[in-house]
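S.K.: Sequence first, predicted model second:
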Amino acid sequence: MEAFDAADFCLLDSEIVSATLTYSEGKFVRAETRHQLKQDRFSRATIDAAERTAHWSVEHKNKLMVAVVIVAVVAAAAVGSWYYLGQQDQKASLDMSVAVRTLNTPVRPPNMPAQPDAPSFASSAERATAAHKQFQAIVDKYPHTHSAEFAHYFLGATAADLGDNASAEREFQKVISSANSDVAALARMALASVYRNTGRDKQAVELYKQLAAKPTSTVGKVMAQMELAATYQAANQPLEAKHVYETIQKENPASEAAQLASAKLQQLK
């Protein structure tokens, strides 16, 4: 496999963010950076410990030798684990790039034959099925990586695209319970959509309220409020929708969000 340079990893990050925006805003943190930060923290702590015990080593040579052996074994195991996880994250990231590209592959117009030099799918369902298999492979092969968190999210998203709401709900719940706040917010947003599509507006409303109360870098307050208002509007609760739109206007004056909320208020009249 061709080696990836810094530009490749930047492209990979942008592709994952782009695919995530198909369902909501998102971001993807490189595993290599995390691995390096962990190594730096481990090295600094090891050096500090050595400096603190230097003056004590002469008097306790025998005990120190035993302790050094134990520490060395534990440290080697820790570094080995970090190195292994870092390697797993890198491999998972590369597989993620392939799956994300599949998710971004164009769908051909009806009756248009496939072109050998231009990858495409006959339908969005065919594309979602192919991407779903690739994301599942990432979860199966690299279950303890951060890439797997995103893979679970995309498993839910592609399942929803295929009309499998039960599987989508299950995957989004996994992300909500185990992923970091930014990825979990994406899953909550997507799960709320599943609730709306299956007639569970009350549960969707609760999720949107939670997201609006605790915005993240992936799901902002206005985004959650707009979806909340739209849910009220679709459920024939115009007064509740009106209140949310007015709140958006008040909190975001002279903004695109305020203009959009104003247009929605006009529809309610």
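M.R.: Good, I have the coordinates.
S.K.: list the contacts for the nearest residue to residue 187 once chain neighbours are set aside?
M.R.: Nearest residue to residue 187, sequence neighbours excluded (CB to CB, 6 or more residues apart in numbering): residue 175, at 3.7 Å. Every C-beta, even on glycine, is put in place using the N, C-alpha and C of the backbone. Contacts for residue 175 were tallied using CB atoms under 8 Å, 6 or more residues apart in numbering; they are 149, 152, 153, 156, 183, 184, 186, 187.
S.K.: could I get these as TSV with secondary structure and pLDDT?
M.R.: Formatted as TSV, the contacts of residue 175 follow (DSSP: H, G, I helix; E, B strand; the rest coil; pLDDT from 0 to 100):
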residue	secondary structure	pLDDT
149	helix	85
152	helix	93
153	helix	89
156	helix	92
183	helix	87
184	helix	91
186	helix	88
187	helix	91
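S.K.: Closest one of those residues to residue 256?
M.R.: For the contacts of residue 175, the closest approach to residue 256 (CB to CB) belongs to residue 186, at 21.6 Å.
S.K.: That closest one and residue 171: what is the separation?
M.R.: Distance, residue 186 to residue 171, using CB to CB, to the nearest Å: 12 Å.
S.K.: Could you check the pLDDT of the residue nearest to residue 187?
M.R.: pLDDT for residue 175: 92.
S.K.: now it, what's its secondary structure?
M.R.: helix (DSSP: H, G, I helix; E, B strand; the rest coil).
S.K.: Low-confidence regions, the chain specifically.
M.R.: 1-86 (pLDDT under 70).
S.K.: Show me this structure divided up by domain.
M.R.: Following automatic domain parsing, the chain resolves into domains at 1-107+114-162, 175-269.
S.K.: quick one on the thing from earlier: name the residues contacting each of residue 186 and residue 171.
M.R.: residue 153.
S.K.: what sits against the nearest residue to residue 123 once chain neighbours are set aside?
M.R.: Closest residue to residue 123 apart from its sequence neighbours, by CB to CB, 6+ apart: residue 107 at 6.2 Å. Residue 107 is in contact with 120, 121, 122, 123, 124, 127, counting by CB under 8 Å, 6+ apart.
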